[in-house]
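K.L.:
Attaching a predicted model along with its sequence, questions to come.
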Amino acid sequence: MVPRHLAIIMDGNGRWAQNHGLNRVRGHQKGAVAVENIIRHAAARGVKILTLFAFSTENWKRPAYEVQALMTLFAGALKKESKSLIENGIRTRVIGDISRFSQSLQKAILSLEEQTANGKVMELNIAANYGGRWDILQASKKMWDKVHAGEIKPEDVNENLLKDFLTVKDDVDLLIRTGGEHRISNFLLYQSSYSEIYVSDKLWPDFGGDDLDAAIDFYAHRERRFGMTSAQIQSKDSSC
């Protein structure tokens with residue numbers, strides 16, 4: 001069983017660089033190569049939605065030179081990978097508040113989204129200047145605006161309706177975090193409510209196809225109960 005929606009917190013670029021006696025920027029460059037490999041491998045395994053945590057709202061606190069290098073790397077990756085994403089049918093979106101990015105980067109993001117809009121093989125979401133709390137807040141504001149305008153009745157507001165306003169509507173089935181840390185760092189808070197969580201000690205630049213296969217195998221052996229008991233799940237499965 002392959003997760004329909006796979007989300008990954010790509011952690012460890014800086015530590016990888018430090019371990020190899022390099023500056024942090026080199027770690028991010030190596031991490032970008034891992035991103036390319038994992039996108040291809042996830043699509044080949046049948047994942048339908050892949051969401052990658054590239055840059056959080058908190059990452060602006062990092063040294064200015066590192067933030068600038070990340071922006072340059074991001075812009076270069078959008079241009080470099082566009083042809084491959086189109087050819088492989090991967091619809092790509094950048095989720096997050098892109099208004100803080102430069103005009104040229106915003107233009108590159110919108111261009112890539114338009115070029116890949118017809119992709120049917122897999123949906124790739126790149127979370128950039130993204131935070132889970134921000135996501136819930138912006139969804140709530142949009143929903144309230146609809147209510148205030150009379151387009152939605154107050155009594156119709158519920159969890160399913162809120163989902164429609166989130167940057168990603170689909171629940172996460174499997175959440176992977178590399179680098180050995182055991183936290184979700186404000187990533188897809190609402191969507192990950194019932195996700196299975198897999199922590200890899202591998203630093204992101206070293207995380208490859210075999211490691212993704214191991215995570216998917218872990219997921220395949222999990223019993224997803226969603227608040228029910230094992231007996232209820234087994235009874236439900238046997239009746240299908």
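P.N.:
Yep, it's here. What you see is a predicted model; the values in this text were computed from it and never measured.
K.L.:
Which parts of the protein are strands?
P.N.:
Taking DSSP state E as the test, the strands found in the chain are 5-9, 49-56, 90-95, 122-130, 174-177, 196-199.
K.L.:
closest to I136 out of those?
P.N.:
Closest of the strands of the chain to I136 is strand 122-130, at 11.7 Å (criterion: CB to CB). For every residue, glycine as well, the C-beta is placed using N, CA and C.
K.L.:
contact partners of the closest one?
P.N.:
Outside strand 122-130, the residues that touch it by CB atoms under 8 Å, 6 or more residues apart in numbering are 39, 42-43, 47-57, 60, 74, 85, 89-98, 100-101, 167-168, 187-188.
K.L.:
ok so, going back, as a markdown table, the strands of the chain with mean neighbour count, distance to E159 and mean pLDDT would be great.
P.N.:
Formatted as a markdown table, these follow (neighbours: other CB atoms under 10 Å; distance: least, CB to CB, whole Å; pLDDT from 0 to 100):
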| stretch | mean neighbour count | distance to E159 | mean pLDDT |
| --- | --- | --- | --- |
| strand 5-9 | 26 | 17 | 98 |
| strand 49-56 | 23 | 19 | 96 |
| strand 90-95 | 21 | 19 | 97 |
| strand 122-130 | 23 | 21 | 97 |
| strand 174-177 | 24 | 19 | 98 |
| strand 196-199 | 19 | 20 | 98 |
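K.L.:
Let's have those in JSON lines, adding distance to L112.
P.N.:
Below are the strands of the chain laid out as JSON lines (distance: least, CB to CB, whole Å):
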{"stretch": "strand 5-9", "distance to L112": "19"}
{"stretch": "strand 49-56", "distance to L112": "13"}
{"stretch": "strand 90-95", "distance to L112": "6"}
{"stretch": "strand 122-130", "distance to L112": "9"}
{"stretch": "strand 174-177", "distance to L112": "24"}
{"stretch": "strand 196-199", "distance to L112": "29"}
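K.L.:
Looking at the ones you listed, which is nearest to A17?
P.N.:
Comparing those under CB to CB, the one sitting nearest is strand 49-56, at 16.8 Å.
K.L.:
Counting by contacts, list what that closest one packs against.
P.N.:
strand 5-9, helix 24-45, helix 64-87, strand 122-130 (3 or more CB pairs under 8 Å, 6 or more residues apart in numbering; DSSP states H and E).
K.L.:
Let me have these in JSON lines, extended by distance to K202.
P.N.:
Converted to JSON lines, those look like this (distance: least, CB to CB, whole Å):
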{"stretch": "strand 5-9", "distance to K202": "12"}
{"stretch": "helix 24-45", "distance to K202": "10"}
{"stretch": "helix 64-87", "distance to K202": "21"}
{"stretch": "strand 122-130", "distance to K202": "20"}
